[in-house]
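>>> my questions concern the predicted model and sequence given below.
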Amino acid sequence: MRELAVSLWDVGNGQGLRQLAELGLALLLSSLIGWERATQQKSAGMRTHTLVGIASALMMEISQYGFTDVLGLDNVSFDPSRVAAQIVSGIGFIGGGLIFVRRDAVRGLTTAATIWLTCAVGMACGGGLPILAVATTALHFLVVRGYPPLVARLSPDTSATTSEIRLTYRTGAALLPRLMEQCTRRGFRILQVRVDRLPGGTDPAARVLLRLEGTADVGRLGSDLFQDEGVIDVDVTLEADDE
């Protein structure tokens, strides 16, 4: 019975229950990481991270067991670490595709790093290192979910945030330059300005989008802008940090 259990656990050529269990662990851990990214509505979500983790685990299994039939031949040697190195290099094309620059702001760095980490978790599962794989997954949640509030608490006055202000104002009184000057006077840097004319009506109006970056209270700024008699409506939105 013991011999049967051993044979089922590790069938010849590395295709037993042990390898299936390692792939299952990679599925579970990479799905957890992908679920966290999906809840943040990031471009690479649960399916992408899960596939990366499973594929990395499978390639590690192949590097360990896929060449056993030729290792016994004369003048044949094999270094399993070469396959692992190629996995790390190959995952870069996915991470690179997630990073883009909008104006002077870089987006997608954290998600690209998470893809890289998921690859490492899958490799650890396929390499027979489940404890390190679980610990790395736990550290992912600690860093991604725990660090932002910690950083905000440690340096509340020095972390610049990006926000959007959408306001409707009456045209014809050179109001927009005055509103923009008020933003810069409060210490905000204007990243983008978009103005759309509103059709119809006897009182001409326009809708403007202001993307701002700064450390001051953007809610207070929106309230002050609304006090101007030419402003009809103000809506303030805080953008999430790059993740």
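That came through, no problem.

>>> which residues of the protein fall in helices?
Applying DSSP state H to the chain gives helices spanning 2-9, 17-39, 46-65, 68-71, 81-90, 92-98, 109-126, 130-141, 147-154, 175-185, 218-226.

>>> least confident of those, on average?
Mean pLDDT across the helices of the chain is lowest at helix 2-9; the value there is a mean of 50.

>>> how is this structure divided into domains?
Split into domains by automatic domain parsing, the chain comes to 2-154, 161-238.

>>> okay if I get those domains as a markdown table plus mean neighbour count?
No exception for glycine: its C-beta is placed from N, CA and C like everyone else's. Below are the domains of the chain laid out as a markdown table (neighbours: other Cβ atoms under 10 Å):
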| stretch | mean neighbour count |
| --- | --- |
| domain 2-154 | 16 |
| domain 161-238 | 15 |
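
>>> against Thr118, how distant is the closest residue to Leu32 other than its chain neighbours?
Among residues not flanking Leu32 along the chain, Thr137 sits closest, at 6.1 Å (Cβ to Cβ, 6 or more residues apart in numbering). To Thr118, Thr137 is 9 Å away according to Cβ to Cβ, to the nearest Å.

>>> do the same with Ala124
Distance from Ala124 to Thr118, counting by Cβ to Cβ: 11 Å.

>>> with Gly92 instead?
Per Cβ to Cβ, Gly92 is found 13 Å from Thr118.

>>> before we move on, back to that, want to try CSV for the helices of the chain, with distance to Leu198 as columns?
Below are these laid out as CSV (distance: least, Cβ to Cβ, whole Å):
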stretch, distance to Leu198
helix 2-9, 70
helix 17-39, 36
helix 46-65, 40
helix 68-71, 72
helix 81-90, 51
helix 92-98, 37
helix 109-126, 37
helix 130-141, 45
helix 147-154, 37
helix 175-185, 14
helix 218-226, 17
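
>>> out of those, which is closest to Ala205?
Ala205 sits nearest to helix 175-185 of all the helices of the chain, at 10.3 Å, using Cβ to Cβ.

>>> which other helices and strands does the closest one contact?
Using 3 or more Cβ pairs under 8 Å, 6 or more residues apart in numbering; DSSP states H and E as the contact test, the elements touching helix 175-185 are strand 161-170, strand 189-198, strand 205-214, helix 218-226.

>>> between Thr137 and Thr118, what contacts are shared?
Common neighbours of Thr137 and Thr118, using Cβ atoms under 8 Å, 6 or more residues apart in numbering, are Ile33.

>>> in this protein, which residue is most central in space?
Central residue of the chain (Cα atoms, centre = their mean): Thr111, 2.2 Å from the mean position.

>>> from memory it sits against Gly34, does it?
No - using Cβ atoms under 8 Å, Thr111 is not in contact with Gly34, being 10.5 Å away.
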